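A.B. asks: Predicted model follows, preceded by the sequence.
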Amino acid sequence: MTHSVFLATARAVGCCIAAMGTVAAVAAETYPTRPVRMIVAVPPGGPADVLARIVGPRLTEPMGQVIVIDNRPGANGIIAYDTTARAAPDGYTFCLAAAGIAINPSLYRSVPYDPIRDFAPITNGITVPNILIVHPSVPATTVKELVALAKAKPVTFASAGNGTSGHLALELFRLSAKVDLTHVPYKGGAPALTEVMGGQVQALFSIALVATPQIKAGRVRALAITSAQRSPVAPELPTVAESGYPGFEVIGWFGWFAPAKTPPAIVNLLNRNIVAVLKSADVRERLLAQSAEPVGDRPEEFGAFVKSEYVKWAKVAREANIRAE
């Protein structure tokens with residue numbers, strides 16, 4: 001290639017890149033001009049769906065377009081996440097995902113997306129802690145007493161199934177406390193909680209939203225909460241970390257992602273509007289009443305958090321030999 005041909009080629013490439021940047025900038029300035037689809041990785045009625053239907057309608061006014069909720073449940077969210085990753089990066093499709101988006105690659109042999117490469121993080125929406133509960137007949141009122149009991153004789157732990165947040169919390173607890181625990185998986189959080197209330201299984205890490213009414217009714221006893229700090233959801237409960245296991249933290253979370261390569265201006269616009277809704281007093285009060293703590297952080301903060309979750313649970317899954325299949 002001659003020097004003149006090289007220069008001409010370089011100029012052409014430079015012009016194409018500049019043109020692409022201009023098109024993206026113009027698209028971001030006019031966005032949105034039609035309804036926007038929010039994919040939700042769970043069926044109607046779950047925590048993520050409730051969050052989507054609280055936030056979605058509140059975005060209509062600032063964005064000037066209807067937000068269409070599109071529930072795509074199945075395969076622990078993999079269907080929804082793959083659909084989002086494959087969507088055009090133009091801001092007209094984004095996803096409300098659960099923590100599984102970062103955890104699935106460590107649990108399944110084959111996942112059709114990469115949680116870091118294939119998405120543009122927008123913001124974390126809510127965190128939902130688990131609560132360590134036991135049947136009232138269990139002779140333990142603290143985490144340390146439960147560990148001492150488990151070292152003396154077998155203690156059975158229910159979960160909503162292999163690979164669920166309660167199962168991961170159980171495995172991290174087992175590794176942290178260096179104690180053997182008998183895992184009894186169920187097909188869902190409701191039957192697991194029912195078995196603990198009935199005394200068939202002794203303990204469970206249950207999502208706070210589900211456990212709180214049963215704790216208040218005296219059907220189960222709460223020992224600790226799995227968030228890093230005490231939660232406004234149950235401020236009287238100590239954390240597992242302060243109960244003798246520093247660094248222990250397991251939280252369910254639900255946050256928004258766009259496809260990778262979505263223009264930063266569009267990601268930032270979505271971030272500003274969603275965070276404004278999460279910070280509003282009435283929405284915050286409504287979420288806290290459902291045992292969910294609003295977050296609303298910057299895209300780069302959420303991206304760093306997702307990476308940390310990916311690394312953390314890959315290590316736990318490897319050490320505990322957990323597979324969802």
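C.D. replies: Received it, and whenever you're ready, just let me know what you need. Quick caveat: nothing in here was measured; it's all calculated off a predicted structure.
A.B. asks: Report all helices and strands that whichever helix or strand residue 254 is part of contacts.
C.D. replies: Assigned by DSSP states H and E, residue 254 belongs to strand 251-259. Contacts defined by 3 or more C-beta pairs under 8 Å, 6 or more residues apart in numbering; DSSP states H and E place strand 251-259 against helix 47-63, helix 78-86, strand 93-98, strand 119-134, helix 264-279, helix 299-320. Using the backbone N, CA and C atoms, a C-beta is placed for each residue, glycine as well.
A.B. asks: Dump whatever helix or strand comes next after the third one to PDB, restricted to CA.
C.D. replies: Read in the C-terminal direction, the helix or strand following strand 93-98 is helix 100-107, with elements assigned using DSSP H and E. Listed in PDB are the C-alpha atoms of helix 100-107, where the atom choice follows Å, rounded to 0.1, in the frame of the first residue of the first chain:
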ATOM      1  CA  GLY A 100     -28.600 -14.200  39.000                       C
ATOM      2  CA  ILE A 101     -27.400 -12.200  36.000                       C
ATOM      3  CA  ALA A 102     -23.900 -12.200  37.600                       C
ATOM      4  CA  ILE A 103     -24.200 -15.500  39.400                       C
ATOM      5  CA  ASN A 104     -25.500 -17.800  36.600                       C
ATOM      6  CA  PRO A 105     -22.200 -18.300  34.800                       C
ATOM      7  CA  SER A 106     -20.800 -19.900  38.000                       C
ATOM      8  CA  LEU A 107     -23.700 -22.300  38.300                       C
END
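A.B. asks: Please enumerate residues in contact with helix 100-107?
C.D. replies: Residues outside helix 100-107 that contact it (C-beta atoms under 8 Å, 6 or more residues apart in numbering) are 41, 76-78, 81, 111, 114-115, 119, 162-163, 168, 257, 306, 309-310, 313-314, 316-318, 322-325.
A.B. asks: repeat for stretch 226-239
C.D. replies: Contacts of stretch 226-239 (C-beta under 8 Å, 6+ apart): 127, 129-132, 143, 169, 205, 208, 212, 222-225, 240-241, 248-251, 288, 291-293.
A.B. asks: any chance of the helices and strands packed on strand 251-259 in TSV, plus distance to residue 199 and mean neighbour count?
C.D. replies: TSV is the format used below for the helices and strands packed on strand 251-259 (distance: least, C-beta to C-beta, whole Å; neighbours: other C-beta atoms under 10 Å):
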stretch	distance to residue 199	mean neighbour count
helix 47-63	27	19
helix 78-86	35	20
strand 93-98	30	25
strand 119-134	10	26
helix 264-279	40	18
helix 299-320	26	16
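A.B. asks: low-confidence ranges in the protein?
C.D. replies: For the chain, the stretches with pLDDT under 70 are 1-28, 325.
A.B. asks: Now do the domain split for it, please.
C.D. replies: Following automatic domain parsing, one finds the domains of the chain at 9-127+252-320, 129-243.
A.B. asks: Count residues in the vicinity of residue 64, would you?
C.D. replies: Counted with other C-beta atoms under 10 Å, the neighbours of residue 64 add up to 10.
A.B. asks: Please pick the buried ones from the contacts of stretch 226-239.
C.D. replies: 127, 129-132, 143, 169, 205, 208, 212, 222-225, 240-241, 248-251, 291-293 (16 or more other C-beta atoms under 10 Å).
A.B. asks: burial count for residue 146?
C.D. replies: Number of residues near residue 146 (other C-beta under 10 Å) recorded here: 25.
A.B. asks: Name the nearest residue to it, ignoring sequence neighbours.
C.D. replies: Spatially, and ignoring its direct neighbours in sequence, residue 146 is nearest to residue 140 (4.0 Å; C-beta to C-beta, 6 or more residues apart in numbering).
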